[in-house]
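Chemist: sequence-free structure coming up:
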């Protein structure tokens, strides 16, 4: 059981970087960005190809970051300069990236078995040789969790700082009230582009870290990722509150982990892995509909109480 | 301070929905002028304000604010010269951000936004001092989200934001129309106070003839995309609602009754 939970925590940590990216567009910018489906696979593809070609895995991950940022830039330009609606801009980039990712990988998937990844150094530090971990069967998981945690912490601190700066405040205001933002002299188009760049950069890093954890990159790995991201954002908000900005960032990480734990548990309970996407979609639909459902249920609950 | 020279604006040009909103508008405001701009629905008064603010590009003519030709500048690039308050209290402030964060955004209007902190302790003191005269108790709720405030409070805050950095031109677009009468009167009094204290050049659009007569040193009336009347000085001070209707009738060739209906 510990093995399953820790495995879920590990996956959750890596995916939480992507969740933070989704949060930036979906909640802060109020921009439903589907680019992420392409940029997560792009991050994986770039990192895998770079490592395969002999790059240092850290450099490879940084290259993935740059690739994701470019994807965000593309969507941003489509939306702001060419006035294509947000949803469609994201879809266009996402579809285009599918071909781009195939080009990068050269084929549908690329294995990284026996290659050095970002986790190798942590594994070599001896974390995996601690006997207690080995006995519990979690010695492979601990190094990845350690690195994942370090990355998530660093990103959280940087974003907390950034969204407190003048530029970060302008970005938040753009998502909150674009008309007011322009009246206050904010270039809202540039802020949308900046937000998309940051978001997709993070998503690609997440993809790069996931690929290195699972030891392969697959051109299909982005499918449904936006829904996973949204599910994590919403679970985080519902379960862990959203008072200060810092606690919100933490709640995203906890949300992503919780999502993975839930998935691990339902799989353990015997649900077919093929039904996973359906399960996730229904979960997100219910969570998003919660305010509406509550308003329907309240009068019913009242009438039941009144009847008694 | 403001010179509008021969501007034309037509919406949906070349379609069946073509609507000429502004025809050869010429308007010059001297420094310290407080102009009330009045007119019925569709007279073009809001369009004129939006053209000055940069929401719509003009078809012809030029707009000069404080000796700078802003005709071709986008909305956010001319924002540094302007202070704006809108009809809808929800438009002027960011609901999910705190009172102090909104003020800090306005404090940096027209400046480059860097990676310095978005708000500092020194500013907080300034904001506290500036919120006190509003008499709304907002000075003790600096971090409260603006979305929790009432329409009147939000409009008062927007007004403070618009004047925080003394703008070259203050644009008030029916900024009390969405408020209840008591709150509207309060916000209007407050606007008048701010304008007089800082000697702000102001263009205030209103539907209400009494307000248009009561406030400002000059009254401009628009009708069907034209400037119909431009009254200032002594004549403006002695103006009554009846006078205004009569002048409107004479100038436009339309009946009082329709004028009254148009202007309320």
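Modeler: In hand now; what should we look at? Note that this is a predicted model, so its numbers are computed, not measured.
Chemist: chain B contacts on chain A?
Modeler: Residues of chain A lying near chain B by CB under 8 Å from any CB of the partner chain: A:162, A:164-170, A:172-173, A:176-177, A:179-188. For the C-beta atoms, the positions are set from N, CA and C on the backbone; glycine is no exception.
Chemist: show me what the mean pLDDT comes to for stretch A:14-30.
Modeler: What stretch A:14-30 shows for mean pLDDT is 96.
Chemist: same check, this time on stretch A:174-194
Modeler: On average, the pLDDT along stretch A:174-194 is 97.
Chemist: tell me the pLDDT of residue 4.
Modeler: Because you didn't say which chain, this covers chain A. Residue A:4 is assigned a pLDDT of 88 by the prediction.
Chemist: my bad, the chain I had in mind was chain B
Modeler: Looking at residue B:4, its pLDDT is 95.
Chemist: quick one, phi psi at it?
Modeler: phi -100, psi 120 (degrees, to the nearest 10).
Chemist: in three-state terms, label residue 95 for me.
Modeler: Since no chain was named, I'll use chain A. helix (DSSP: H, G, I helix; E, B strand; the rest coil).
Chemist: please go with chain B instead
Modeler: Three-state assignment for residue B:95 (three-state DSSP): coil.
Chemist: mind giving me the packing neighbours of whatever helix or strand residue B:155 lives in?
Modeler: According to DSSP states H and E, residue B:155 maps onto helix B:151-164. Under the contact criterion of 3 or more CB pairs under 8 Å, 6 or more residues apart in numbering or on different chains; DSSP states H and E, helix B:151-164 touches strand B:82-85, helix B:99-107, helix B:121-131, helix B:181-198.
Chemist: go again with 6 Å.
Modeler: Counting contacts by 3 or more CB pairs under 6 Å, 6 or more residues apart in numbering or on different chains; DSSP states H and E, helix B:151-164 packs against strand B:82-85, helix B:99-107, helix B:181-198.
Chemist: grab the nearest non-local neighbour of the residue nearest the centre of chain B.
Modeler: The centroid of chain B falls nearest to residue B:172 when counting by CA atoms, centre = their mean (1.5 Å). Spatially, and ignoring its direct neighbours in sequence, residue B:172 is nearest to residue B:204 (4.1 Å; CB to CB, 6 or more residues apart in numbering or on different chains).
Chemist: measure that neighbour to residue B:177 for me?
Modeler: 11 Å (CB to CB, to the nearest Å).
Chemist: looking at these two, which is more packed in?
Modeler: Using other CB atoms under 10 Å in any protein chain shown as the criterion, residue B:204 and residue B:177 rank with residue B:204 on top: 26 against 13.
Chemist: downstream of the helix or strand harbouring the more buried one, the next helix or strand is which one?
Modeler: Residue B:204 belongs to strand B:202-206 when elements are defined using DSSP H and E. Next along the chain after strand B:202-206, taking DSSP H and E as the criterion, comes helix B:209-214.
Chemist: now do the contacts for the closest residue to residue A:167 other than its chain neighbours.
Modeler: For residue A:167, ignoring the flanking residues on the chain, the nearest one in space by CB to CB, 6+ apart is residue B:113 at 4.9 Å. Residue B:113 sits next to A:166-167, A:170 when contact means CB atoms under 6 Å, 6 or more residues apart in numbering or on different chains.
Chemist: from these, which land in helices?
Modeler: If you go by DSSP state H, those have A:166-167, A:170 in helices.
Chemist: quick revisit: helix/strand/coil for the residue nearest to the centre of chain B?
Modeler: Three-state assignment for residue B:172 (three-state DSSP): strand.
Chemist: try residue B:63
Modeler: strand.
Chemist: for burial, what's the neighbour tally of residue B:53?
Modeler: When neighbours are counted by other CB under 10 Å, residue B:53 comes out with 22.
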